[in-house]
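Novice: give the three-dimensional model of this entry:
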Amino acid sequence: MSLRSDLVQAIADARDRVRASGALPIDADAELPEIGLEHPANPANGDWASNVAMKLAPLARAAPMQIATAIVDAFEPPSFISDVAVAPPGFLNFRVDAGAAAASLQSILEAGAGYGRDVRTDVGRIDVEFVSANPTGPLHIGNARGAFVGDVLSRVLGAAGHNVTREYYFNDFGGQVRALGASVRAIRTGSPMPDDGYRGDYVREMAASVPDEVARASDAAEGDEDADWILGRWASEVQRSGIEASLAALGVEFDVWKNESSLHDDGWVQRAVDRLRAAGHVYESEGATWFRSTTFGDDRDRVIYRSNGQPTYFAADLGYVLEKFSREFDELVYVWGENHHGAVARLRNAAGAMGFDPDAVRIVLYSWVRLVRDGEAVSMSKRSGEFIGLDDLVAEVGVDPVRWFFSSRAFTSGVDFDLELAKRQSSENPVYYVQYAYARCSSILRNAAEQSVSPDSASAGDLLRHPAEQELLRVLLDFPDVVARAAQRRETHDVPRYCYELATNFSAFYRDCKVITEDAALSGARLALTDATRSVLANGLDLLGISAPETM
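Specialist: Numbers count the residues shown, from 1 in each chain. Coordinates of the predicted model:
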């Protein structure tokens, strides 16, 4: 059930009928604009409003009011629409039938945990690779945002019906691992810390706990670099185990853990290079191997193998794209920090050069996170050791507030994480406010059961006509569209926004409408509305990975 999608289709059908009649002289090959449909800011204008006529005006070379009127004349309203009107400068305003909205309660209750799920028909197999922090230190709140972006996006895509694989990519092949080992060795031997070393307390803890066999192998190594690699690989495995434990404690799970080294060891990098070379996109120059990325609009060609024969990070990226597509995914989603912006085009270009659809490689970039304590930003740097670990943050404020605050902004918007607000147990704290609404629904239903009063939606279509009831119903009916649009846009911040809106409307309903009254039928209908609200709040919180407490 999706009111928005059904209404959009009805508008599109009316538009097409008008166009076919010749009343809209739009060229046959013209690309028609998307039909916009939103809730008006002023409820007096209706429940839905569309600006389709204004978008069509340039193509039809006609006035928006004229187009809107023609569409209304050809409009065949779905059963849940009671009225449609034209308003200047060309809006189409729709009103949902009050009885039909109330009657929808039964279907929401019957769907239960399935309400809002499997809302798309064009489903596919999607790989979502996220977090992928280098195993050179514990997760801090910067790279932790990628964990929640990827986790909630995976949950939403799964709810929309897609087959989702969650994947973590460990860089165990690069210079950071050597630098981590050099840092451990410097502390063990009392030698100067290298310029690119890591200085956190966690490095000192590792230096004090190096296993005897690793220490002997490092001490016996030929040269400092070999010793650094031995210690670095051991230390990175220690950090990797810690990262996995931290993510598991947050309820962030992965189906696949992939090492960069495996892409080289298993031949995926070489196969990708061979594929590009066969297509004419690889050449040798100055002893190095290059990808001819300027062919695809890049400002310069990119090195795959350096003149010393060592592969670049880009080489592993090539092998990874080929390895992922070999698993027959329809789409590859990469969740990266915004500092990787420059790599987006070259990765998509390389996929296209290997014969894959570049649009099937989607990069989600998330912006910075700043932790604020007492009005002051806290510095974060693995190398300096001045950072707030994710485990420390969760220990201080709890999992649910962390998930909410990381999920409540668009990926491309920065996040100021206010510690004091996150710990506050009041309506000022949005996650507390939403969870409290769920707990209140649960309390009302428990109290009703004690009085032998049960939810009953049988008469809801006739009885639930109060404005607060109708507004709450409208929000409940929005949920499938919120999930569908979040999945389509690969952007999930509307889910917490929706949960907060639903909690707000339930609070207004609870304030204005006594739930258990002397009227048994009305009590049953309002309890059904409360039960539906409770169910949908639980579904929304589940998409965010946030608990739904029965009592608070």
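
Novice: measure the nearest residue to Pro33 once chain neighbours are set aside to Arg19 for me?
Specialist: Spatially, and ignoring its direct neighbours in sequence, Pro33 is nearest to Lys55 (4.0 Å; C-beta to C-beta, 6 or more residues apart in numbering). Every C-beta, even on glycine, is put in place using the N, C-alpha and C of the backbone. For Lys55, the distance to Arg19 equals 13 Å [C-beta to C-beta, to the nearest Å].

Novice: start to end distance for stretch 110-122?
Specialist: For stretch 110-122, the first-to-last residue distance is 25 Å (C-alpha to C-alpha, to the nearest Å).

Novice: what does it contact?
Specialist: With C-beta atoms under 8 Å, 6 or more residues apart in numbering as the test, stretch 110-122 has contacts from 1-2, 108, 159-162, 479-484, 487-488, 535-536, 538-540, 542.

Novice: cutoff 7 Å now
Specialist: 2, 108, 159-161, 479-480, 483-484, 487, 535-536, 539 (C-beta atoms under 7 Å, 6 or more residues apart in numbering).

Novice: scan the residues you listed and report the most crowded one.
Specialist: Val483 (30 neighbours; other C-beta atoms under 10 Å).

Novice: how about whichever strand or helix holds that one: buried residues?
Specialist: In the assignment (DSSP states H and E), Val483 maps to helix 467-489. Neighbour-count burial for helix 467-489, counted by 16 or more other C-beta atoms under 10 Å, picks out 468-487.

Novice: ditto for stretch 200-207
Specialist: Neighbour counts over stretch 200-207 (16+ other C-beta under 10 Å) mark 200, 202-203, 206-207 as buried.

Novice: tell me the one of those nearest Glu518?
Specialist: Minimum distance to Glu518 across the buried residues of stretch 200-207 is 64.3 Å, recorded for Tyr202 (C-beta to C-beta).

Novice: returning to that earlier point: the helix holding Val483 packs against which elements?
Specialist: Applying 3 or more C-beta pairs under 7 Å, 6 or more residues apart in numbering; DSSP states H and E, one finds that helix 467-489 makes contact with helix 3-21, helix 98-103, helix 141-159, helix 494-512, helix 520-544.

Novice: of the ones you listed, which is nearest Glu225?
Specialist: helix 141-159 (27.3 Å).

Novice: that closest one to helix 520-544, inter-axis angle?
Specialist: With axes from the mean of the first three to the mean of the last three C-alpha atoms, to 10 degrees as the basis, helix 141-159 and helix 520-544 are set at 130 degrees to each other.

Novice: run the chain-centre distance for helix 141-159.
Specialist: With C-alpha atoms, centre = their mean, to the nearest Å as the basis, helix 141-159 stands 5 Å off its chain's centre.

Novice: can you give the contact residues for the following helix or strand past that helix?
Specialist: The helix or strand immediately downstream of helix 141-159 is strand 163-170, counting by DSSP H and E. Under the contact criterion C-beta under 7 Å, 6+ apart, strand 163-170 has outside partners 125-129, 131-132, 135, 154, 157-158, 240, 253-260.

Novice: tell me the pLDDT at the residue nearest to Asp512 when sequence neighbours are not counted?
Specialist: Among residues not flanking Asp512 along the chain, Ala468 sits closest, at 4.3 Å (C-beta to C-beta, 6+ apart). Looking at Ala468, its pLDDT reads 96.

Novice: equivalent analysis for Thr517, please.
Specialist: Thr517 carries a pLDDT score of 95 in this model.

Novice: give the contact list for it.
Specialist: With contact taken as C-beta under 7 Å, 6+ apart, Thr517 is in contact with Ser523.

Novice: tell me the spacing between it and Ile444.
Specialist: The value you get for Thr517 to Ile444, if C-beta to C-beta is used, is 13 Å.

Novice: re earlier: from what I can see the residue nearest to Asp512 touches Phe509, true?
Specialist: Yes - Ala468 is within contact range of Phe509, at 4.4 Å (criterion: C-beta atoms under 7 Å).

Novice: the stretch 201-350 of the chain: helices as residue ranges?
Specialist: Here the stretch 201-350 of the chain has its helices, by DSSP state H, counting those that start in this stretch, at 201-207, 212-219, 224-249, 260-265, 268-278, 313-326, 344-353.

Novice: so Phe291 bridges to which residues?
Specialist: For Phe291, the beta-bridge assignment (DSSP bridges) gives partners Val282, Arg302.

Novice: who are the contact partners of it?
Specialist: Phe291 makes contacts with 276, 281-282, 301-302, 304, 350, as judged by C-beta under 7 Å, 6+ apart.

Novice: which residues does the nearest residue to Ala351 once chain neighbours are set aside contact?
Specialist: Once flanking residues are discounted, Ala351 sits nearest to Val361: 4.6 Å by C-beta to C-beta, 6+ apart. Going by C-beta under 7 Å, 6+ apart, Val361 touches 321, 332, 347-348, 351.

Novice: just the pLDDT at Val361, thanks.
Specialist: On the pLDDT scale, Val361 gets 97.

Novice: quick one, phi/psi of it?
Specialist: phi -110, psi 110 (degrees, to the nearest 10).

Novice: identify the bridge partners of it.
Specialist: Val361 has these beta-bridge partners by DSSP bridges: Leu332.

Novice: thinking again about what came up before, of the helices and strands packed on helix 467-489, give the one that comes closest to Asp400.
Specialist: helix 520-544 (8.7 Å).

Novice: what's the closest one packed up against?
Specialist: Contact partners of helix 520-544 among helices and strands, from 3+ C-beta pairs under 7 Å, 6+ apart: helix 105-111, helix 141-159, helix 399-407, helix 430-450, helix 460-463, helix 467-489, helix 494-512.

Novice: next, the buried residues of it.
Specialist: For helix 520-544, the neighbour count (16+ other C-beta under 10 Å) marks 522-541, 543-544 as buried.

Novice: read off the pLDDT value for the residue nearest in space to the middle of the chain.
Specialist: By C-alpha atoms, centre = their mean, the chain has its centre lying nearest to Leu153, at 3.1 Å. On pLDDT, Leu153 comes in at 98.

Novice: not counting sequence-adjacent ones, nearest residue to it?
Specialist: Closest residue to Leu153 apart from its sequence neighbours, by C-beta to C-beta, 6+ apart: Thr492 at 5.5 Å.

Novice: what residues sit buried inside stretch 90-110?
Specialist: 90-106, 108-109.

Novice: meant to ask about stretch 179-199
Specialist: Applying 16+ other C-beta under 10 Å to stretch 179-199 flags 179-188, 197-199 as buried.

Novice: mind exporting that stretch as CSV, just the C-alpha atoms?
Specialist: Extracted in CSV, the C-alpha atoms of stretch 179-199 (Å, rounded to 0.1, in the frame of the first residue of the first chain):
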residue,chain,number,x,y,z
ALA,A,179,54.1,2.8,9.7
LEU,A,180,52.0,1.2,12.5
GLY,A,181,54.7,-1.5,12.8
ALA,A,182,57.4,1.1,12.9
SER,A,183,55.5,2.9,15.6
VAL,A,184,55.3,-0.2,17.7
ARG,A,185,59.0,-1.0,17.2
ALA,A,186,60.0,2.6,18.1
ILE,A,187,58.2,2.3,21.4
ARG,A,188,59.6,-1.2,22.1
THR,A,189,63.2,-0.1,21.4
GLY,A,190,63.0,3.4,22.7
SER,A,191,64.0,4.8,19.3
PRO,A,192,62.6,8.0,17.8
MET,A,193,59.0,7.8,16.5
PRO,A,194,58.9,8.0,12.7
ASP,A,195,57.4,11.1,11.1
ASP,A,196,54.4,9.1,9.8
GLY,A,197,54.1,7.1,13.0
TYR,A,198,51.0,6.6,15.3
ARG,A,199,51.2,8.0,18.8
